[in-house]
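[1] Could you look at this predicted model? Sequence included:
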Amino acid sequence: MKSFRNIVGATLAVVLFKGGPARGIRTIVFIIGCLLFSQCKSDDDMTGKVQIEFVHQFGNQPFLLDTVTYLSPLNDTLRFHGLKYFVSEVILKRFNGDYYAFNTIDNIIHYVDVQRPYTLNWNINQELPMGVYDSIIFVFGLKTDKNTNGRFPNPPENAMEWPIPMGGGYHFMMLDGQWRYETDTAFQGFGMHLGNLNGMDNHIEFRLRKKIDIKQNQTTKVTLTMDVKEWFENPHTWDFRQFGGAIMADSIAQQTLKDNGYNVFK
């Protein structure tokens with residue numbers, strides 16, 4: 001504002017000196033209009049981009065495959081071999097209440113695979129208005145209109161197909177590994193696979209409070225951290241003795257896994 005006053009003042013002095021008061025007034029009105037137009041662009045006219053980073057942990061420990069064992073709430077020893085899932089339909093909410101969706105065809109769905117590091121960062125190629133956002137909203141998995149057979153014809157996403165006799169579409173998550181009861185010596189395999197089982201709608205919708213400051217012509221990183229331990233303990237304690245190692249055809253296990261899923265991201 002100070003520089004604005006200085007420009008107007010200096011211009012007024014020059015014009016008055018050379019052309020008199022009448023010319024000075026007309027010129028100043030013109031200059032003020034030009035300056036206001038150039039300096040008062042809204043934040044909606046200035047844009048930046050977002051990169052979403054996916055981080056994984058198990059309680060307070062880093063989440064690592066094959067090389068580390070973990071304890072479940074029931075003291076089962078766990079060892080993980082893979083974690084894959086879909087995130088879709090991301091929306092950011094600004095402090096002023098406006099919502100902005102990532103809605104171009106390439107930005108609707110993202111595939112995450114812990115074994116494929118390039119999938120752990122989602123560079124969203126869509127401009128967002130500059131400003132401060134306070135929430136991120138997204139879907140874990142796929143809503144029904146997106147969960148259609150053949151949507152992903154190529155690997156690695158096509159390996160997530162859910163069997164057509166069980167409802168078709170795609171797995172929302174594949175969490176694979178081995179478990180061992182505290183008194184056992186041998187591990188048993190498990191596949192905690194979540195999907196739409198014969199009409200069950202098992203996608204999970206998240207709304208997380210996060211301060212996200214979008215700056216002009218910059219890419220802002222947003223970190224989503226999944227705590228894998230939450231799949232086993234909140235609100236239900238996961239019991240392999242009840243569900244066994246394969247749960248795709250078990251509606252109770254599917255619902256239990258979905259219930260626990262609401263607490264996994266932060």
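    Nice, thanks for sending it over. Numbering: from 1, shown residues only.

[2] residue ranges for the strands of the chain, please.
    With DSSP state E as the criterion, the chain has strands at 47-58, 61-62, 69-71, 77-94, 99-101, 109-113, 121-129, 131-140, 173-180, 188-194, 204-214, 219-227.

[3] could I get those as TSV with mean pLDDT, distance to residue 238 and mean neighbour count?
    (Glycine included, C-beta is placed from N, CA and C.) Shown next, in TSV, are those (pLDDT from 0 to 100; distance: least, Cβ to Cβ, whole Å; neighbours: other Cβ atoms under 10 Å):
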stretch	mean pLDDT	distance to residue 238	mean neighbour count
strand 47-58	97	13	17
strand 61-62	96	18	10
strand 69-71	96	12	16
strand 77-94	97	10	20
strand 99-101	95	33	14
strand 109-113	97	21	20
strand 121-129	94	28	15
strand 131-140	97	17	19
strand 173-180	97	10	20
strand 188-194	98	8	19
strand 204-214	97	16	14
strand 219-227	97	14	16
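
[4] can I get those strands in TSV with distance to residue 263?
    Shown next, in TSV, are the strands of the chain (distance: least, Cβ to Cβ, whole Å):
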stretch	distance to residue 263
strand 47-58	13
strand 61-62	17
strand 69-71	17
strand 77-94	15
strand 99-101	24
strand 109-113	18
strand 121-129	22
strand 131-140	11
strand 173-180	14
strand 188-194	14
strand 204-214	10
strand 219-227	8
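
[5] between these, which gets nearest to residue 237?
    Among the strands of the chain, the nearest to residue 237 by Cβ to Cβ is strand 69-71 (12.7 Å).

[6] for residue 88, which residues make a bridge with it?
    With DSSP bridges as the criterion, residue 88 is bridged to residue 109, residue 139.

[7] what's the spacing between the closest residue to residue 82 other than its chain neighbours and residue 65?
    Leaving aside its chain neighbours, residue 82 sits nearest to residue 176 (4.4 Å; criterion: Cβ to Cβ, 6 or more residues apart in numbering). For residue 176, the distance to residue 65 equals 9 Å [Cβ to Cβ, to the nearest Å].

[8] Repeat that for residue 175.
    Residue 175 sits 11 Å away from residue 65, taking Cβ to Cβ as the criterion.
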